[in-house]
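Chemist: can't give you the sequence, but here's the structure:
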């Protein structure tokens, strides 16, 4: 039986993978959204909503917190469902599995614990570090994860720092040693098929405050040496992401902008320094855009205004993937709302639409490694 031409064309179009077709603005925007979630079982309604958003292209990835982990068996089921929802553009399935005190998967659920970066930095060679991280990376892959938010490359220049030094999250103060151990982390994860993210650009190790809680000013503490790990790793390694922190430095003002914007919302830090001076060509992801350092900036605009300002400012600054933990006030449709803001602004402003398209190209190239 012969198909009429129009029917045949439609059938052929359905057979073409989404990644091979010209993506719509909505599809491109959705890939820029990575969200946290509630629930720890495939049977939870929130997980079913999340799977639907992945399937419809409204979000491009998910992030686990410790509350999402009930058992490794349930984690494997959820991750398999996330991946099956969009095989052509597999979602980033991410977590912070740094070691030490910063782990989402722990020995309590049967996942192999690993030492902190501080402990590794004190005694291990890069080869020893790669062996340690290889065990973790292979275990992550076995559970269905494809993105680990690490390594931390902040220099431990302020041991009293409340979020880096306090938790043993830095390899040390020497940029050469930090870079070598970070390269071992990356190589181990890549060997297992897991992506990585350098963090927290331009350097959180010197701060005296925690960006989770509010505004962090590093003007008087930050030094250019904190960029050296990035510079060295861009030359010697292959980072998939750079995560930009919510860190303000008055020495890097944004021309014509009166707001004291952190690096995560700054075209100077992302465009001029990260991409210009340091030559980074990969994907730029924000730190959690629900942290106090961001919400406090726009708190006079109400929740809807905060979200819109944050999304538009981040994309204009050069962020490619917008990370929302969805913990400030849980909203099961947050990812779809962020996508809608991106699409709305892209339809109004061709230059904004161009930034969405550029982000999509970077993201889709990275996701090609996961298929």
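Modeler: Looks like it arrived, so ask away. Nothing here was measured: the structure is a model prediction, and the numbers come from that model. Residues are numbered from 1 along each chain as shown.
Chemist: burial of residue 328, as a residue count?
Modeler: Applying the criterion other Cβ atoms under 10 Å, we find 18 residues in the vicinity of residue 328. No exception for glycine: its C-beta is placed from N, CA and C like everyone else's.
Chemist: the closest residue to it other than its chain neighbours: which element?
Modeler: Once flanking residues are discounted, residue 328 sits nearest to residue 290: 4.3 Å by Cβ to Cβ, 6 or more residues apart in numbering. Counting by DSSP states H and E, residue 290 is held by no secondary-structure element, helix or strand.
Chemist: next one: residue 314
Modeler: helix 302-317.
Chemist: would you mark the buried spots in that helix?
Modeler: Of the residues in helix 302-317, those with enough neighbours to count as buried (16 or more other Cβ atoms under 10 Å) are 306, 307, 308, 309, 310, 311, 312, 313, 314, 315, 316, 317.
Chemist: before we move on, the earlier item: and the residue nearest to residue 328, what is it in contact with?
Modeler: Residues near residue 290 by Cβ atoms under 8 Å, 6 or more residues apart in numbering: 324, 325, 326, 327, 328.
Chemist: quick one: which of these is nearest residue 370?
Modeler: Within the contacts of residue 290, the smallest distance to residue 370 is 21.2 Å, found for residue 324 (Cβ to Cβ).
Chemist: give the burial count for the closest one, as a bare number.
Modeler: For residue 324, the count of nearby residues is 24 (other Cβ under 10 Å).
Chemist: next: residue 71.
Modeler: For residue 71, the count of nearby residues is 12 (other Cβ under 10 Å).
Chemist: residue 77 versus that one, what's the distance?
Modeler: Remark: distance between residue 71 and residue 77 (Cβ to Cβ, to the nearest Å) = 9 Å.
Chemist: next one: residue 120
Modeler: For residue 120, the distance to residue 77 under the criterion Cβ to Cβ works out to 32 Å.
Chemist: in the lengthiest strand in the chain, what counts as buried?
Modeler: Across the chain, the strand with the greatest residue count (assigned by DSSP state E) is strand 195-201. Within strand 195-201, the residues that qualify as buried by neighbour count (16+ other Cβ under 10 Å) are 195, 196, 197, 198, 199, 200, 201.
Chemist: tell me which helix or strand comes right after it.
Modeler: helix 228-236.
Chemist: quick one: residues contacting residue 161.
Modeler: The contact partners of residue 161, by Cβ under 8 Å, 6+ apart, come to 204, 205, 206, 207, 208.
Chemist: which helix or strand contains it?
Modeler: For residue 161, no secondary-structure element claims it when assigned by DSSP H and E, so it is in no helix or strand.
Chemist: neighbours of residue 370, how many?
Modeler: Around residue 370 there are 17 residues (other Cβ under 10 Å).
Chemist: I'd say it and residue 89 touch.
Modeler: No: counting by Cβ atoms under 8 Å, no contact exists between residue 370 and residue 89, whose distance comes to 9.1 Å.
Chemist: and the residue nearest to residue 59 when sequence neighbours are not counted, how far from residue 29?
Modeler: Nearest-residue entry for residue 59: residue 335, 3.8 Å, with adjacent residues in sequence omitted and distances by Cβ to Cβ, 6+ apart. Plainly put, residue 335 is 11 Å away from residue 29 if you go by Cβ to Cβ.
Chemist: which strands or helices does the longest strand of the chain pack on?
Modeler: The criterion is 3 or more Cβ pairs under 8 Å, 6 or more residues apart in numbering; DSSP states H and E, and the helices and strands that strand 195-201 contacts are strand 147-148, helix 175-192, helix 228-236, strand 241-244.
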